[in-house]
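Colleague: coords please:
(2 chains)
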There are 2 protein chains.
Amino acid sequence: MTTILRANLIHTPALGRLETIPRGYLVLEDGVIRGLYEALPEEWAACPVTDYGEALLMPSFADLHLHAPQYPMLGMGMDLPLLDWLDAYTFRTEARFADLNYARRVYRRLAGELIAWGTTRVAVFSSRHTDATLVLMEELERAGVTGYVGKVNMDRNSGPAQETTAQSVDETLRWLEACRFAHVKPILTPRFTPSCTDALMAELGRLAQERDLPVQSHLSENTGEMAWVRELHPDCSQYWETYGKYGLWKAGTLMAHCVHSDGREQAAMAEAGVWAVHCAASNVNLCSGTAPVRELLDRGVRVALGSDIAGGDQLSMSRAVTMAIRASKQKQMETGAPFLTVPEAYYLGSTAGHQYFGGGAGFQPGDRLHAIVVDDAALPEPARELCLSERFERAVYLMEKEHIRAVYSEGRQVK
Amino acid sequence: MTTILRANLIHTPALGRLETIPRGYLVLEDGVIRGLYEALPEEWAACPVTDYGEALLMPSFADLHLHAPQYPMLGMGMDLPLLDWLDAYTFRTEARFADLNYARRVYRRLAGELIAWGTTRVAVFSSRHTDATLVLMEELERAGVTGYVGKVNMDRNSGPAQETTAQSVDETLRWLEACRFAHVKPILTPRFTPSCTDALMAELGRLAQERDLPVQSHLSENTGEMAWVRELHPDCSQYWETYGKYGLWKAGTLMAHCVHSDGREQAAMAEAGVWAVHCAASNVNLCSGTAPVRELLDRGVRVALGSDIAGGDQLSMSRAVTMAIRASKQKQMETGAPFLTVPEAYYLGSTAGHQYFGGGAGFQPGDRLHAIVVDDAALPEPARELCLSERFERAVYLMEKEHIRAVYSEGRQVK
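Modeller: As a prediction, the model looks like this:
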C-alpha cells in the first residue's frame, strides 16, 4: 500500500545537520520510506495524498531511559535527598506493581501519553514484577510504542520490593519465555551495581551472551553512588568495570547518566560500543551534576536522550531536548565546551535513538517511518515570515501535546 | 457581595512556609478576603458556595519581568550569541510594534495567555512605542492582568527602534498623560544603562522622584554587559551606581537578573529596598550565569521571579518556579548554598510578587484575591493517597494550562 504525506519535511540526519524540504512529499510503501521529494514523482501521480498543509513533519522522539513504574510519582519528592527519595517514594511506588489492575491502569495511561507526546521508541525500566512487566509491554505494543522493556533485577539494597538471587534469575527466565510482542522486545536490566549481587550479575551476563540480549543500566550518576560501587567492588578501579567483568559491557549496552564518567570510562564506552543516555532534567533535579555530553560525543561515544521519569519530572521528550540544551549551556559556562545547538539536541532526542534500534540517517529510504506532525500555526504570530529552520527551533521549544497533530510509529499512524 | 469558595486551600504566607486547609472555605466580600476557615462560620450559612471539590486553590502567579513585544519571538534565536540575538530578533521584532494592528493582535493574545497560565500580576517591558504601550495596557486590563507596564526608554546603542533623547522624554510624558487604567499602572523603564544616555537617565530620575513613579531595569546580567557599563561610566565602581546617581535606585525599583551582583551590590539593594527579579530560564538560555538567589535572600534583598520572555522561552510561571528550583540546585552544586524548596520557590513566584504590589502574607484578610484553582485529578494516579503538600508539589511541577480551572485577579474571576 502506498501512502503519500505532504508537509514541510524537516529532519536531522546527523549530529548538527538539519535538512528541510518545504511542502515536500514523503512516500511510504507499507509504512517503509521510499523517498522524500520536492515534487511528487510521476509514478505516484494518481495516489491520494494526505496533505498536512503548512505543518512540520519531523522525526518522532526516542526516550532511551525511563522508569515506567515511577510514572505515578512524577514531580514528587524532588526536595528530598536521593536516599530519602528512594525510600519515601521510589521503592514504595514500584512495590505497588504487584497489583496487576493498578499496573494496567497506570501503564495504559503512560503508553497513551508517550504517543500523545510523540515518543515512538523507548528503552524502559519496569519494576521487578514479571507479570506487570508483561502488562507494560502489552500496553506499549497496543498504543504503538516500540523498543525495549526490562524487568528490573535487584537482589540487594533495594527496599521492600527486593528479590532473592534465585527469584530474580527464575523470574527473568519466565519473563523472557513470555515475551512475544511484535514491536516491544526484552532488554536485560540489572538496576545498578549496588542493587545486584555478583552472582546475579554473573547470571545476567551469561544470559546476555548466550541469548544475545541487549542490556541497560545506570552508570556514574552521582559521586556518592560511585564511592559505594568502589566499596562493593574493590577489585574494579572504575564503575564500568563492574559491568564489564560479567559480560554486560558490550555493543548496544545502554548506560544512563554518565555524569561523572572521566576520559578513561568514556574511552571504554567508545571502544565497546556502549551508549550513554543523557537525562538532563533528572541530573539537575537530583543534584547529580552536569553530564559532559560534548566530551562524550567528541570521544566517539554514541549518545541518546532520556526523560528519566521520575528523576526527571517531564515525560515530554521535546522538553528533554531543551533541557539537554540548557545543561550543555551550563557545561559551557563551566568548561567552555560548546553547547548543543537545537538541531544537535534534536538529533540526540530523536534520530540517534532511532539509530540505536537500527534506523538510518533521518528519514532514510528503507526505514519504517517514525515521525510527528507538528502544527505550529497556533503558536504566537511571528513578527515576519519564518524560514523552516526557525519554525523548527520554535516548535522544539514551544511544542505542547496539542500541537502534535499526528504520530507515525513503525510506519503506522498511531495518533 | 459575598462570595464563598470551597476547595483545598494552599498558600505560602512567607518564604518556606506552606499552609493548607483541606476542603476549607475562603470568604470574599466584594472580592476582598474576609477569612479562611476550616468550617463555614454561621453568619454565612445561607450564602451560596462555589465548590471546587477536590481542586487546589493556591495564590496566582506574579511575573515581575517580561518583555511583551518579544512574545512573537518566543523560543527563537536561542543558539545565537547575545548581540546577534538582539540584532536578528529582538530589535527587529520590537520595531514591528509601530504597527498598532499588529500590537493589538499580539497583546490581546499575550494577555489571554497570561490569565490562562494563572499570572495575574506583572511588571512588563513594552517597546519604545507610546501608542502600542497603551494598547498593551488596555489589553492587560481587559483580560484581568494587573500591575505595571513600562514604555521602554532607549536613546543609544539600540538598533533600528532607537529614539532621540528629546523624543524619549516627550513620548514618556505623553504616555504618562494617557495612562488611565484601573489596574495597570505605569513604571519608568530605562532599558538598561548601555541604551540610555546620561541626559535621559537624569530626566527619568527626575520624573521618578517628582511623580513618585516606580522604576524597572536590568542589572548585572552578564559579564560582557558589566564591562560595557564600566566603560560607559568610569566614575561608577559598580553597575548599580549608574542607576543610583540619577535617582533611579530607590525603594521598589525592580532590577532583573542580578546574576553577577556581588556582596556590595547586594547590600546596596537591601539598603535601598530595590528588588531582584530572578529569571532562571533566561539566565541559562543566554549563558548569563546562575543567579545567587539564596545569597540575595540571606542578605535581606527582596526577590521575585520573572519569565523574562523571550530570553526565557516559557510564559508559564509554574515553569519559571521549577526552573528557579533547578537553577538553585545548580548553584548548590557549585557553592553549597541550599537550593530553593518547592514552597520557597512558589512563594517567590507568587506571594512575593503580590507583596511587591502591596499584598500581604498569602491569602490575607483585607487583600483582594489573586488565586488559581488547579484541578490535579487529571494527573497520573498516585500509588497511595497524597497529602496536600504532596499534591501541591506535584501540581507545581506538572501544571499545564488545562489544569488551571479558574483564575481570580484583584478579587474578580477572570478565567
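Colleague: is stretch A:54-73 in proximity to chain B?
Modeller: Yes: counting by Cβ under 8 Å from any Cβ of the partner chain, contacts between stretch A:54-73 and chain B involve A:Y71, A:P72, A:M73. Glycine gets a C-beta too; all of them are placed from N, C-alpha and C.
Colleague: what about those, which one has the most neighbours?
Modeller: The most crowded member of those, judged by other Cβ atoms under 10 Å in any protein chain shown, is A:M73 (27 neighbours).
Colleague: quick one: low-confidence ranges for the stretch 51-200 of chain A?
Modeller: For the stretch 51-200 of chain A, no stretch is flagged by pLDDT under 70.
Colleague: can you pull the residues of it lying near chain B?
Modeller: Contact residues (Cβ under 8 Å from any Cβ) of the stretch 51-200 of chain A with chain B: A:71-79, A:92-93, A:96, A:102, A:105-106, A:109-110.
Colleague: do the same with the stretch 251-400 of chain A
Modeller: For the stretch 251-400 of chain A, the residues in contact with chain B (Cβ under 8 Å from any Cβ) are A:281, A:284-285, A:287, A:289-290, A:313, A:322, A:325-326, A:329-330, A:332-333, A:339, A:341-342, A:379-384, A:386, A:390, A:393-394, A:396-398, A:400.
Colleague: name the nearest residue to A:Y37, sequence neighbours excluded.
Modeller: Sequence neighbours aside, A:Y25 is the residue nearest to A:Y37 in space, at 4.5 Å (criterion: Cβ to Cβ, 6 or more residues apart in numbering or on different chains).
Colleague: any idea how far the one you found is from chain B?
Modeller: 27 Å (Cβ to the nearest Cβ, to the nearest Å).
Colleague: count the neighbours of A:G53 for me.
Modeller: 12.
Colleague: assumed it was part of a strand.
Modeller: Yes: counting by DSSP: H, G, I helix; E, B strand; the rest coil, A:G53 is found in a strand.
Colleague: show me what contacts it?
Modeller: Shown in contact with A:G53 (Cβ atoms under 8 Å, 6 or more residues apart in numbering or on different chains): A:A7.
Colleague: would you pull up how far the longest helix along chain A lies from the middle of the chain?
Modeller: In chain A, with assignment by DSSP state H, the single longest helix is helix A:317-335. Relative to its chain's centre, helix A:317-335 lies at 17 Å (Cα atoms, centre = their mean, to the nearest Å).
Colleague: now do that helix and helix B:317-335, the angle between them.
Modeller: If you take axes from the mean of the first three to the mean of the last three Cα atoms, to 10 degrees, helix A:317-335 sits at 30 degrees to helix B:317-335.
Colleague: quick one: list the elements packing against the helix or strand that helix A:317-335 is followed by.
Modeller: As assigned by DSSP states H and E, the chain's next helix or strand after helix A:317-335 is helix A:342-349. Counting by 3 or more Cβ pairs under 8 Å, 6 or more residues apart in numbering or on different chains; DSSP states H and E, the packing neighbours recorded for helix A:342-349 are strand A:2-14, strand A:17-29, strand A:303-305, helix A:317-335, helix A:388-398.
Colleague: now do the end-to-end distance for stretch A:169-187.
Modeller: Start-to-end span of stretch A:169-187 (Cα to Cα, to the nearest Å) is 14 Å.
Colleague: now A:A270: which helix or strand?
Modeller: A:A270 is part of helix A:263-272, with elements assigned from DSSP H and E.
Colleague: scratch that, A:L297
Modeller: For A:L297, the host element (DSSP H and E) is helix A:293-298.
Colleague: CA atoms only: put that helix into CSV for me.
Modeller: Below are the C-alpha coordinates for helix A:293-298, written out as CSV (Å, rounded to 0.1, in the frame of the first residue of the first chain):
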residue,chain,number,x,y,z
VAL,A,293,27.8,15.4,26.6
ARG,A,294,30.1,17.3,24.2
GLU,A,295,33.1,15.4,25.6
LEU,A,296,31.3,12.1,25.1
LEU,A,297,30.4,12.9,21.6
ASP,A,298,33.9,14.2,20.8
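Colleague: list the buried residues of it.
Modeller: A:V293, A:R294, A:E295, A:L296, A:L297 (16 or more other Cβ atoms under 10 Å in any protein chain shown).
Colleague: which among the residues of the stretch 251-400 of chain A next to chain B end up buried?
Modeller: Using 16+ other Cβ under 10 Å, the buried ones in these are A:281, A:284-285, A:289-290, A:313, A:322, A:325-326, A:329-330, A:332-333, A:339, A:341-342, A:379-380, A:382-383, A:386, A:390, A:393-394, A:396-398.
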